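Chemist: Sequence and predicted structure below; questions after.
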Amino acid sequence: MNHIRMLCIVAALASFGLAHAACAADFNIDSASVEQLQAEMAAGRLTSRALVDHYLARIDALDRHGPRLNSVIEENPQAREIADALDRERAARELRGPLHGIPVLLKDNIDTADGMLTTAGSLALIGSRPTKDAFLVSRLRTAGAVILGKTNLSEWANFRSQTSVSGWSARGSLTRNPYDLTRSACGSSSGSAVGVTASFAAISVGTETDGSIVCPSAINGIVGLKPTVGLISRSGVIPISVSQDTPGPMARTVADAAVLLQVLAGEDAADAATLALRQNTIPNYAEAVRSASLHGVRLGIARNLAGFQKPVDAVFEQAVNALRAAGAEIVDPVTLNKAGTIDDDEAAVLLYEFKDGIERYLATRSSGPKTVAELIRFNVRERELEMPYFEQDLFEKAQGKGPLTTPEYRKALERSRRNAGREGIDKLLKAHRLDALVAPTVGLAWVQDLIGGDFYSGGSSAQYAAIAGYPHLTVPAGFARELPVGISFIGPAWSEAKLLAIGAAFEQVTHARRAPKLVN
């Protein structure tokens, strides 16, 4: 009898006193969707406690030992207790919401006011604790989720140095790619992606400023959604950019991402960006996925966001053909013209917004550094631990910036958002009457280099949606040289339901994802 089947029997017997409980014959925890997990729990064949025990055992076997993926930076010491309480509520037919009893992993820049730390991977925040849960964490708890643990990330969400190493933090070390341990897991939501693809949880929450959800999702062969800025609250999330930051769901399937998004989305008085939801009703994302179809959908193939690696292009061509065969109207090519100043404008915006945002955030912490200058001094004092591979040039540049009323900042922000949004994505979609733009998400995972830093040779489709604050969905498209390739669907603001439907329809006709051999 396999371990999963025995786990289900023991859990059911212990929690419900069922004499003949057993998991369904075709049920496998490590590939099960949220819907399947809920069905097993509803039938009394599985418990939340059993799920938690299984995932924690798997983390110990594969994250702490075995291939040592280093994706989970800290486990929640209260997870088993929370799961037991949720099982009792289920037995009493008191279900909190769609994630009742489902374990969720959180990136370690999302505040939890429990036994866990929130550090953004930095030793500077080890002795300091958040005073309350992030707004999105409160929503997860209300929906019945079990916060299983925190995931490793590129330290400070990859905003400390231009030569940083994706997936490395002083606190969590280097997160490894389960498909090839020598290659990058990308970042900054490295641990959140690896935790899902290695089945340490069915779903996780990452964050993105520019590529930090979609890149690790694509490179680790999972679904990742960077939503419209304002759909999910950022309060209680360690910031980089008030104009670009957003949390987002990461999962093995589009349907699971949709369920998680439904819980995460919502208005928060503490985050002004979410007030736009008063004019933009949150759709039923799960229903959008269930009714997914590509018939009549107009998709523009952004060829200038492809063509960087022949193996990726080959997978992308097969994906475009699959979209066409499934009924999509393909407009090929379309060109997302790149404004000449957009790179410099984005860099300036992020430096100004990081200094302002991080100091506002640090003021809410119980102790520890309160300014960028203090973070810089800490890293210098702890150089051997904090800066063995790369420096803090972005911190130093940010420290030299003024307030958000500075003309340089205001002009750069206006130009970059106009060029990415109104004159970029919006203009292209309107000109060709498109529902979404399509491109490869990113190139193949590169070989890790702790000394030289990240080496992006395969391009990226993340920048324009990130700057505009628009949604960007990546879905597994196939493999090249045994490494995952992701396909991106990019739409206008508040088009998450349509993108999820497109992504789900593509997923249903391709079934491109497969689990990494290293963790099977």
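Modeler: Ah, there it is.
Chemist: next one: phi and psi at V237?
Modeler: phi -110, psi 130 (degrees, to the nearest 10).
Chemist: ok, now the one 10 residues further on?
Modeler: According to degrees, to the nearest 10, the main-chain angles of P247 amount to phi -70, psi 170.
Chemist: And K427, which helix or strand is it part of?
Modeler: Using DSSP states H and E, K427 maps to helix 426-432.
Chemist: quick one: buried residues of that helix?
Modeler: Going by neighbour count (16 or more other C-beta atoms under 10 Å), the buried part of helix 426-432 is D426, L428, L429. C-beta: built from backbone N, CA, C; applies to glycine.
Chemist: what sits up against it?
Modeler: 298, 300, 331, 334-336, 434-437, 468, 491-492 (C-beta atoms under 8 Å, 6 or more residues apart in numbering).
Chemist: Could you pull out the buried residues of the host helix or strand of A501?
Modeler: Using DSSP H and E, A501 maps to helix 496-510. Buried positions in helix 496-510, judged by neighbour count with 16+ other C-beta under 10 Å: 496-508, 510.
Chemist: okay if I get these as JSON lines plus distance to S166?
Modeler: Formatted as JSON lines, the buried residues of helix 496-510 follow (distance: C-beta to C-beta, whole Å):
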{"residue": "E496", "distance to S166": "26"}
{"residue": "A497", "distance to S166": "30"}
{"residue": "K498", "distance to S166": "30"}
{"residue": "L499", "distance to S166": "25"}
{"residue": "L500", "distance to S166": "26"}
{"residue": "A501", "distance to S166": "31"}
{"residue": "I502", "distance to S166": "28"}
{"residue": "G503", "distance to S166": "24"}
{"residue": "A504", "distance to S166": "28"}
{"residue": "A505", "distance to S166": "31"}
{"residue": "F506", "distance to S166": "26"}
{"residue": "E507", "distance to S166": "26"}
{"residue": "Q508", "distance to S166": "31"}
{"residue": "T510", "distance to S166": "27"}
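Chemist: would CSV of those with distance to K401 and pLDDT be doable?
Modeler: Output for those, formatted as CSV (distance: C-beta to C-beta, whole Å; pLDDT from 0 to 100):
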residue, distance to K401, pLDDT
E496, 32, 98
A497, 38, 98
K498, 37, 98
L499, 34, 98
L500, 37, 98
A501, 41, 98
I502, 39, 98
G503, 38, 98
A504, 42, 98
A505, 44, 98
F506, 42, 98
E507, 42, 98
Q508, 47, 98
T510, 45, 98
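Chemist: tell me what the helix holding A501 is packed against?
Modeler: On a contact count with 3 or more C-beta pairs under 8 Å, 6 or more residues apart in numbering; DSSP states H and E, helix 496-510 meets strand 223-226, helix 254-264, helix 285-290, helix 310-325, strand 436-440, strand 472-480, strand 483-490.
Chemist: Nearest approach to D245 belongs to which of the ones you listed?
Modeler: strand 223-226 (10.2 Å; C-beta to C-beta).
Chemist: Mind exporting the C-alpha coordinates of the closest one to PDB?
Modeler: The C-alpha trace of strand 223-226 is given here as PDB (Å, rounded to 0.1, in the frame of the first residue of the first chain):
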ATOM      1  CA  VAL A 223       0.700  28.500 -14.000                       C
ATOM      2  CA  GLY A 224       1.300  32.000 -12.700                       C
ATOM      3  CA  LEU A 225      -0.900  35.100 -12.800                       C
ATOM      4  CA  LYS A 226       0.400  38.600 -12.300                       C
END
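Chemist: Which strands and helices lie in contact with that strand?
Modeler: Looks like strand 223-226 contacts helix 214-219, strand 246-251, helix 254-264, strand 472-480, helix 496-510 (3+ C-beta pairs under 8 Å, 6+ apart).
Chemist: chain center to that strand, what's the gap?
Modeler: Computed by C-alpha atoms, centre = their mean, to the nearest Å, the chain-centroid distance of strand 223-226 equals 6 Å.
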